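Enquirer: Fold the following and give me the result.
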Amino acid sequence: MSHNHSHVHIHKHEVQSKNLVYSIVLNLVITIAQLVGGIISGSLALLSDALHNFSDVLSLLFSLLAHKLSRKKATENITFGYKRAELIAAFVNASTLVIVAFILIYGAMERFFYPKPITSGLVIWLAVLGILVNGLSVLFLQKDAEHNINMKSAYLHLLTDMMASVAVLVGGLLMKFYGWYWVDSVMTIGIAIYLIVVGSKLLIQSTKMLMLFTPESIDIKELVKEVHKIPGVKKLHHIHVWNLNDEELHLEAHLDCSQNINMSEFNKLLEQIEHVLFDQFHINHINIQPEFKKEEDSKDTIVQD
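Expert: Numbers count the residues shown, from 1 in each chain. Okay, the predicted model is just below:
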């Protein structure tokens, strides 16, 4: 059984792992500062936020590990390498975003009904530190987040932390000058709802990629229609399209040729198909099995293997 497998080479955005390292160091600083501040001020809120930031450090470490693994070369036992490690990291990080959101809502509701006195001055200064640290971390990862789902999950963790620090700052100021302790709970719930929205979206996206769903940007019927316009193509069928990771979009299919051509002629036909699939659908890994009057093979577009 003959297969032709090709790769269309494209310029890839090179994700900078050093930006993750910088973010990890910065978040360790704010975690330690909040831990010390919480102990000194007796603020349970600061201690809880320190724990939250420490969970972000772990998430960033997980993202860094996944990024490093994804760059390891394939072997005979691991033929795809670890390219899907970043998808797993994105799935885990998105899951923790949603879980943390519900924990925040529970804590906010409890604090709303049972408010506790807080040393607002220390809270304000640590909130400013949190905004600066997380804001800088967000800037480090912003560009990479546009190209990589793993980096996007880490970016969202940090962006939410920055927003939480803004909420803590506003809440601290209102508590200091007006005694409005309920503001902290209201803003926390607002941030948690935002966290559920963005976290759920990322969770669904990473789940679809892990489950090898056809990317939303690909219309299989349109793809087949365009390939069928190429002379020499009778029917493209038995099609699978999936993301291996953010950078690699794969297509696997059977191609029923209109004539009994030799391999050199098929290579020319394949080259035309590659250009159509890459230029119009951004598919850069193509594996096509050529056929001619193979009647026992199903000619359905989608076949359950």
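Enquirer: what residues does stretch 153-161 touch?
Expert: Residues from elsewhere that reach stretch 153-161, judged by C-beta atoms under 8 Å, 6 or more residues apart in numbering: 20, 23, 27, 52-53, 56, 59-60, 63, 89-90, 93-94, 96-97, 130, 134, 137-138, 141-142, 144-145, 191, 194-195, 198-199, 202, 206. Where C-beta positions appear, they are placed from N, C-alpha and C, glycine not excepted.
Enquirer: can you rerun that using 7 Å?
Expert: Among residues not part of stretch 153-161, those counted as contacts by C-beta atoms under 7 Å, 6 or more residues apart in numbering are 20, 23, 53, 56, 59-60, 63, 89-90, 93-94, 97, 130, 134, 137-138, 141-142, 145, 191, 195, 198, 202.
Enquirer: Sort out for me which of those residues are in helices.
Expert: Counting by DSSP state H, the part of the contacts of stretch 153-161 found in helices is 20, 23, 53, 56, 59-60, 63, 89-90, 93-94, 97, 130, 134, 137-138, 141-142, 145, 191, 195, 198, 202.
Enquirer: Filter the residues you listed down to the buried ones.
Expert: 20, 23, 53, 56, 59-60, 63, 89-90, 93-94, 97, 130, 134, 137-138, 141, 145, 191, 195, 198, 202 (16 or more other C-beta atoms under 10 Å).
Enquirer: excluding its backbone neighbours, what's nearest Ala167?
Expert: Using C-beta to C-beta, 6 or more residues apart in numbering and skipping residues adjacent in sequence, the residue nearest Ala167 is Met187, 3.8 Å away.
Enquirer: Excluding chain neighbours, give the residue nearest to Gln272 in space.
Expert: The shortest distance from Gln272 to any residue that is not its chain neighbour, by C-beta to C-beta, 6+ apart, is 5.1 Å, and that residue is Ile230.
Enquirer: wait, Asn53
Expert: Once its chain neighbours are removed from consideration, Asn53 has its nearest residue in Thr31; the separation is 4.3 Å (C-beta to C-beta, 6+ apart).
Enquirer: Restrict stretch 185-198 to CA atoms and write it as PDB.
Expert: Taking Å, rounded to 0.1, in the frame of the first residue of the first chain, the C-alpha atoms of stretch 185-198 are listed here in PDB:
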ATOM      1  CA  SER A 185     -16.500  40.300  47.500                       C
ATOM      2  CA  VAL A 186     -18.400  41.900  44.700                       C
ATOM      3  CA  MET A 187     -15.200  42.500  42.600                       C
ATOM      4  CA  THR A 188     -13.900  39.000  43.400                       C
ATOM      5  CA  ILE A 189     -17.100  37.500  42.000                       C
ATOM      6  CA  GLY A 190     -16.900  39.600  38.900                       C
ATOM      7  CA  ILE A 191     -13.300  38.400  38.200                       C
ATOM      8  CA  ALA A 192     -14.300  34.800  38.900                       C
ATOM      9  CA  ILE A 193     -17.100  35.000  36.300                       C
ATOM     10  CA  TYR A 194     -14.600  36.400  33.800                       C
ATOM     11  CA  LEU A 195     -12.300  33.600  34.700                       C
ATOM     12  CA  ILE A 196     -15.000  31.000  34.100                       C
ATOM     13  CA  VAL A 197     -15.700  32.500  30.600                       C
ATOM     14  CA  VAL A 198     -12.200  32.600  29.300                       C
END
